[in-house]
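Novice: Structure of the sequence below:
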Amino acid sequence: MSDLKPFLLEITGQTEFHLGNPSAPISVDIAIGYRNRITEKTEKESLLYASLESDKKNGITIQDIIKCCTEKEVLIPEILNAVAFKRFSVTYGTEGIKSSEFKIEFDCKININEKYFNAAIQIDSQENDGIKSFSFGGVLKIDKHYFSLEFSKDKDTWYVYANYQNRGEVTIDLRAIAAKFFGDEILYKIPDLSFTLKEFKTFLLYKKEKDTSGLFFGMGAGINLDLNDLPLAGPVLSQDNAFAFKEVLAIYCQGSFVKEEFKRFTGLPPVDINAGFNISTQLAINGNEEYYVLNNVTEEEYETPTDLKQANTTAVAPLGDGVSSKTKWKKLDKKIGPVTIQRLGFAYQDSRIIILMDASMEMKGMGLQLMGFGLSFKLQWPPSAPDFYLDGLGLSYKVPPIEISGAFLHSTAIYDGKTIDVYNGGAIIKISRFSISAIGSYAKVNDEASLFIYGVFDGPIGGPAFFFVTGIAAGFGYNRKVNVPSIDEVALFPLVALAMKPEKDDGLLSLLATLEKPMKNGKKPIEISIGDYWLAVGIKFTSFKLIESFVLLTVNFGTQLEFAILGLSRLSWPEKSMTPEPIVYIELAILAHFGPGSDVISVEAVITPNSYVLSKDCKLSGGFAFYTWIKGPYEGDFVITLGGYHPKFIKPVHYPTVPRLALSWKISSLLSIKGEMYYALTSSAIMAGGKWEVLFKTSIVRVSIIIWADMLIFWTPFQYYIDMGITVKIEADIKIAFIRIHFSFEMGAQLHIWGPPFAGEAYVDWTIFSFTIPFGDTSRKEPKKLKWEEFSIGFIPQKKSGEKILETVAISNPEPTNITISNGLIEVKSESKFPVINPCQLAITIDSFIPVLLLKINNQEVTGDTVMKSEIGNTTYAQRERNIGIRPCGFKKGTVSFEMNVDVILNNSKMPMQVFCMAKGVAEALWSGEESKSNNSNPGTSKVIKNVLSGLLLQPPALPEVSQIRTFDFSKLFDAFDDEFLWIFSLAKSGEAYHAFEVLGYYDEKKKVKVAGILEKTYEKPKVIELREKIHTLLKEGFDESFPDIDEAAIRKNMSNEEEYFKGIPVICEIGKIPQYSTDVK
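Specialist: Numbering: from 1, shown residues only. Purely as a prediction, here's the structure:
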């Protein structure tokens, strides 16, 4: 060992300080020290150090320090440029460095994200080949936490990286530290996360550009989760840590960072970070480690502080729609033993990290598909037991000639504000020439089962060639309802898709998943609906082996009756045996919908996007619709359309939107053809037309030919407008050397015809000139008005000569009215044709095809307060619509008088009757009392006049009352006056009288005594008497003083002889329900 003795020397004073550049000294107070000693490692250490303090009022800057060291320009971190300080220290050392190398240290405040923090900055100076270089570092202090600082620059961006200095076990709080950098508003944007660990990561990265900046702060640690309990695949994934979590980091970012920016710093995840809260996860799959990130995981505001507790238990639960919609997927395609993971999905919800896997398994010829498969764990350390997810299983087994596939799906639904479990399942069995497919669902809602079963048999059954049956379908639902899809969704509707496999068939699991996905109307295809039921029956058939069709009838009943017909037809020619690809493939979806609660009967059809002719590039599209409104505000209106409407026709809001019947064929990159057609019939007009376009296009020339025609005919008054035309256009761009020549030629002809009287004009347009040729009477005179005889023959049903009275409903038909027996008809005698009726139930309906302005019964006009019924609500006779005329005849309001007089005669005497007026909507084009404002440039819309008197209902006078019991108006008693009068079945079940044997009492065989029943025990209790009197008082107030008093003597008599008074044991049940008698009798 050396005999060197420790030596320490200190000198203080005032001097001009510089380190290599005497031209820029700093005036400072200085204290110099020298230390010479042997270290614990028996190494010689000599240090010369100095502590200095500037006498400048505002202190000195780093630029001042650098200038006193060198005349050359030194790059200083931008964040340190504005730093000022008075005290600093200089240290020379000989431990592994030359005496010319030194470091300068000082304390200051640095600005990060417009906030100031305490820091100790260190400047290291080194000299290499006579060239001095400087590096910057330091320590950032946040409360009791210390971060090492690293400064670097890339192009125009400065980075400050702060990495936590681990000093044993310490408690770190994400919110507490993040709030220092981002402000208190961050408390509501990140979860409440803290941990106490020895090994962890906490870091900060700040970047500063010219006009922008970015900052992100993160913390986390390694994590180890036990995946053995992961359903089915858990043991495989856990073996040898084939699938393991290594690290999870919680990061909040202001601005954005890309992974290339992180490569220069150690400890940062190589991922892209977006603004907001991010979660980075490191996974090891088959020994390969990779980082995944979930960016901007939530927009929710967190409570602060939170106190969430997670039970250390393992559970398997359904995933839920909310998580699925938030999941961000990444393709993986990794195989771990028998498990194949195609994709990984990441989500964050309710302070839990969720990892989902699109996975499958293979075991001894059997395939399993896992749906909604994954796990979640709370963002905390130490980690809690994870929750596992498995929404469904798909099963496949194929050993010729048998092929079996099955699926099971577990999900949740919200009904009456409660979350309930829903179990969906299905199976397909294929054997030789036939297959059986079935799907079903089960749920329990408020102790009631809700389920449906639907099955399809697919195999040859028989029939003629044009209707050869190849399958049947049937199903029913209990406490379920089938929601009718839109016409565009028919082909993929689950009940149709099971029978007619779509072109892209993703299997049973996908089909079951569609049961839980809302359609365009926001409803699920088959939803839980207590009190509703449905039946379905369908048939699958072929026509000459060219057309394959399926038609399904569904009926909803219970709370509302509703019918729907869903169909799908496919034309494929020629057959597969003749060619692998058909040259014609047309798929047509059909939907018909009607119910007593519906205002409209509708039939729709649409050509699906799968359709083509000659080539798959020659696409077909288009639709058909037939709507007729039988009640409601549009009663009497109708529309039939194939391909939509005239371009100038303003479609009413209640008319369906129908796509053009169109063909689009891109024959090659040079040639394409487009065409479209339409036809429509409404209550006011008929219209038809189309357009064809041929386009030839090269890099030099473009040639297009367009042919079009549109026709619009109004019949009230009769008018027609026909427009047609053709346009030929040629364009060319020719380049010769440096000269570009553009050539354009266009020629078109249009023909416009209108009438009556017949007239029109022809218009010719060429590139250099244009002209118009008129013909006929071009003055566009007002259309000729119809005579009454012409109008009545064309628009009012005429009685046929020799017409017989039908045995069904009609008993006479004196046009323009129709008289029917709508109720009370017993039979029609075959010989005399006279109807036999029930006079107590008789109801006669009289419909008028002409609007009624004045109604008389037995030559007396009905009173103004007579009820007038309509689907839009009841009004009175006085409120009927009177702005009635005959527009085609030019008869305006007040010039016509439509009077209906109904005589009811019995035995030559006029009989008084109960009269109810009936109103509906009529076509404005026929019965408006105002002139039409439509013309060729503005065809207008089809409108309906509402609340028009159009008939009446006759019933015999009410029978005289034979009972002396008065009737009361109970409409005043619909509200509960007091909570103690509320009767709730669930509470009644818990009451002492729920068991039937306790109501009337019973004989106790053991004690040999009669036990009094609840009625006998309670009817004379003071509380019961008080309630009885209170109810009686309220009833009397609601009616009048004639309401009978309580007869306590009669009550006492009945209760003392209860066996005679009650013919059966009273049972508590809900109103409208069937009583369930208990079997626990005494």
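
Novice: So which residues of the stretch 701-850 of the chain form helices?
Specialist: Using DSSP state H, counting those that start in this stretch, the helices of the stretch 701-850 of the chain run over 788-795.

Novice: same thing with the stretch 201-350 of the chain?
Specialist: Listed in chain order, the helices of the stretch 201-350 of the chain (DSSP H, counting those that start in this stretch) span 234-238, 259-262, 321-326.

Novice: Pick out the shakiest of the ones you listed, pLDDT-wise.
Specialist: Mean pLDDT values for the helices of the stretch 201-350 of the chain show the minimum at helix 321-326, a mean of 61.

Novice: Could you list the domains of the protein?
Specialist: 7-142, 186-390, 392-571, 807-955, 970-1061 (automatic domain parsing).

Novice: Looking at those domains, which is nearest to E693?
Specialist: Among those, the nearest to E693 by Cβ to Cβ is domain 807-955 (23.8 Å). (C-beta placed from N, C-alpha, C; glycine too.)

Novice: how far out from the middle of the chain is that closest one?
Specialist: Relative to the mean C-alpha coordinate of its chain, domain 807-955 is positioned 45 Å out (Cα atoms, centre = their mean, to the nearest Å).

Novice: Least confident secondary structure element in the protein?
Specialist: Across the helices and strands of the chain, mean confidence by mean pLDDT, DSSP states H and E is lowest for strand 810-812: a mean of 40.

Novice: ok, back up a step: distance to W708 and mean neighbour count for the domains of the chain - can I get that in a markdown table?
Specialist: Below are these laid out as a markdown table (distance: least, Cβ to Cβ, whole Å; neighbours: other Cβ atoms under 10 Å):
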| stretch | distance to W708 | mean neighbour count |
| --- | --- | --- |
| domain 7-142 | 64 | 15 |
| domain 186-390 | 45 | 17 |
| domain 392-571 | 27 | 18 |
| domain 807-955 | 16 | 16 |
| domain 970-1061 | 62 | 12 |
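
Novice: how about JSON lines for those, with distance to V613 added?
Specialist: Listed next are the domains of the chain as JSON lines, based on distance: least, Cβ to Cβ, whole Å:
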{"stretch": "domain 7-142", "distance to V613": "64"}
{"stretch": "domain 186-390", "distance to V613": "36"}
{"stretch": "domain 392-571", "distance to V613": "10"}
{"stretch": "domain 807-955", "distance to V613": "33"}
{"stretch": "domain 970-1061", "distance to V613": "62"}
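
Novice: Ok, which of the ones you listed comes nearest V170?
Specialist: For V170, the closest of these is domain 186-390, at 7.1 Å, according to Cβ to Cβ.

Novice: Apart from its neighbours in sequence, what residue is nearest I112?
Specialist: The spatial neighbour of I112 that comes closest, neighbours along the chain excluded (Cβ to Cβ, 6 or more residues apart in numbering), is Y206 at 5.2 Å.

Novice: among the domains of the chain, which is nearest G632?
Specialist: Smallest distance to G632 across those (Cβ to Cβ): 4.7 Å, for domain 807-955.

Novice: Only the C-alpha atoms, please, for the helix ranked longest in the chain, written as CSV.
Specialist: When the chain is parsed with DSSP state H, its longest helix is helix 1022-1038. Listed next in CSV are the C-alpha coordinates belonging to helix 1022-1038 (Å, rounded to 0.1, in the frame of the first residue of the first chain):
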residue,chain,number,x,y,z
PRO,A,1022,-108.8,-1.5,13.3
LYS,A,1023,-106.1,-0.9,10.7
VAL,A,1024,-108.1,-2.8,8.0
ILE,A,1025,-111.3,-1.0,8.9
GLU,A,1026,-109.5,2.4,8.7
LEU,A,1027,-108.1,1.6,5.2
ARG,A,1028,-111.5,0.4,4.1
GLU,A,1029,-113.2,3.6,5.2
LYS,A,1030,-110.4,5.7,3.6
ILE,A,1031,-110.9,3.9,0.2
HIS,A,1032,-114.6,4.4,0.5
THR,A,1033,-114.2,8.1,1.1
LEU,A,1034,-112.0,8.5,-1.9
LEU,A,1035,-114.4,6.6,-4.1
LYS,A,1036,-117.3,8.7,-2.9
GLU,A,1037,-115.3,11.9,-3.7
GLY,A,1038,-114.6,10.5,-7.2
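
Novice: can you give me the mean pLDDT across it?
Specialist: Rounded mean pLDDT across helix 1022-1038 is 81.

Novice: from the chain's centre, how far out does the helix or strand following that helix sit?
Specialist: Going down the chain from helix 1022-1038, the next helix or strand is helix 1048-1056, by DSSP states H and E. Put simply, helix 1048-1056 sits 61 Å off its chain's centre (Cα atoms, centre = their mean).

Novice: on that earlier part again, the domains of the chain: which one's closest to Y159?
Specialist: With distances scored as Cβ to Cβ, the stretch of these nearest to Y159 is domain 186-390 (5.1 Å).

Novice: ok, now which ones touch H593?
Specialist: Taking Cβ atoms under 8 Å, 6 or more residues apart in numbering, we find H593 in contact with 484, 562-565, 601-602.

Novice: my bad, should have said I186
Specialist: By Cβ under 8 Å, 6+ apart, the contact list for I186 reads 175, 178-179, 252.

Novice: you'd agree it is in a helix?
Specialist: Yes - counting by DSSP: H, G, I helix; E, B strand; the rest coil, I186 is found in a helix.

Novice: Where does A925 sit, in terms of helix or strand?
Specialist: Counting by DSSP H and E, A925 is found in helix 924-927.

Novice: Just the mean pLDDT for that helix, thanks.
Specialist: In this model, helix 924-927 has an average pLDDT of 80.

Novice: Show me what it is packed up against.
Specialist: strand 944-955 (3 or more Cβ pairs under 8 Å, 6 or more residues apart in numbering; DSSP states H and E).

Novice: Report all helices and strands that the strand it packs on contacts.
Specialist: Here strand 944-955 is seen to pack against strand 843-848, strand 867-869, strand 899-902, strand 914-923, helix 924-927 when contacts are counted using 3+ Cβ pairs under 8 Å, 6+ apart.

Novice: Sketch out the low-pLDDT regions of the stretch 601-750 of the chain for me.
Specialist: Low-confidence segments of the stretch 601-750 of the chain (pLDDT under 70): 715-717.

Novice: in it, which spans are strands?
Specialist: Along the stretch 601-750 of the chain, the stretches classed as strands by DSSP state E, counting those that start in this stretch are 612-613, 615-629, 638-642, 661-666, 671-682, 685-697, 701-715, 718-736, 739-755.

Novice: can you list these in a markdown table and add distance to D765 and mean neighbour count?
Specialist: A markdown table is the format used below for the strands of the stretch 601-750 of the chain (distance: least, Cβ to Cβ, whole Å; neighbours: other Cβ under 10 Å):
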| stretch | distance to D765 | mean neighbour count |
| --- | --- | --- |
| strand 612-613 | 34 | 18 |
| strand 615-629 | 31 | 18 |
| strand 638-642 | 31 | 19 |
| strand 661-666 | 26 | 18 |
| strand 671-682 | 22 | 18 |
| strand 685-697 | 17 | 18 |
| strand 701-715 | 13 | 17 |
| strand 718-736 | 8 | 16 |
| strand 739-755 | 5 | 14 |
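
Novice: Any idea which of those strands gets closest to N1057?
Specialist: strand 615-629 (60.9 Å).

Novice: follow-up on the earlier one: by how many degrees do the longest helix of the chain and helix 1048-1056 diverge?
Specialist: If you take axes from the mean of the first three to the mean of the last three Cα atoms, to 10 degrees, helix 1022-1038 sits at 130 degrees to helix 1048-1056.
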